[in-house]
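Q: kindly return the folded structure for what I paste below:
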Amino acid sequence: MNRVIKGSLKGRSPFNNPYFPLSFEGEGDKGGEVNKQSQMNQRQMSQKYKSQAIHYLENVFSFLDAGDAEKAGEFLWGSMAQALKAVAASEGRELNSHWEIGDYARELAKKREDKSIWDAYGHASYFHHGFYEAGLSVEDVRLRLDGIRETIRKLLEHIPEQESNREG
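A: Okay, here's the model as predicted:
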């Protein structure tokens, strides 16, 4: 059932906001098959984001080697964002905006009692903004690379590998 919300929530739909419920009273479980489909999509999305995070991280090194700090920084931001989206997807959550990713990074850091998640998010976000300012140096990126890369690794290691769909 699609719901239309009239009025404004400053551009934020409550249906995409982690602080609002995703189901409403009386709209409980629609059956096991729907849940299985949802779980499969959840795993697929989580794997998609995980794969993209790894791909972006590989690109960081290519652009650093080429001396393009802005693109390397933007890929580092992209890798961090995709890693956070992968973890969220593995929990059945979808993050659709920069502010949702930031809120989730803060929430996850508190939940896991791991301040490095919030710190790495902040550094990666700086690179995202730096892409538009064109003032980053290769050294700026290299200086924060290891901390962000380690946090991405920690985030992704908790996502199970995709199960094979083949029977054998």
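Q: what segments of this protein are strands?
A: With DSSP state E, there are no strands along the chain.
Q: so where's it shaky on pLDDT?
A: Residue ranges of the chain with pLDDT under 70: 1-40, 129-134, 162-168.
Q: okay, buried residues for the lengthiest helix in it please.
A: In the chain, taking DSSP state H as the definition, the longest helix is helix 32-65. Judged by neighbour count (16 or more other CB atoms under 10 Å), helix 32-65 contains these buried residues: 42-43, 45-47, 49-50, 52-54, 56-57, 59-60, 63-64. Bear in mind the C-beta positions are built from the backbone N, C-alpha and C, glycine included.
Q: out of the residues you listed, which one sits closest to residue 127?
A: Closest approach to residue 127 among the buried residues of helix 32-65 (CB to CB): residue 60, at 9.6 Å.
Q: so the closest one sits against residue 146, correct?
A: No: in this structure, residue 60 is not within contact of residue 146 by CB atoms under 8 Å, at 11.4 Å.
Q: what are the ranges of the helices in this protein?
A: Ranges of helices in the chain, per DSSP H, are 32-65, 69-90, 98-112, 115-133, 138-157.
Q: what's the angle from the longest helix of the chain to helix 69-90?
A: If you take axes from the mean of the first three to the mean of the last three CA atoms, to 10 degrees, helix 32-65 sits at 160 degrees to helix 69-90.
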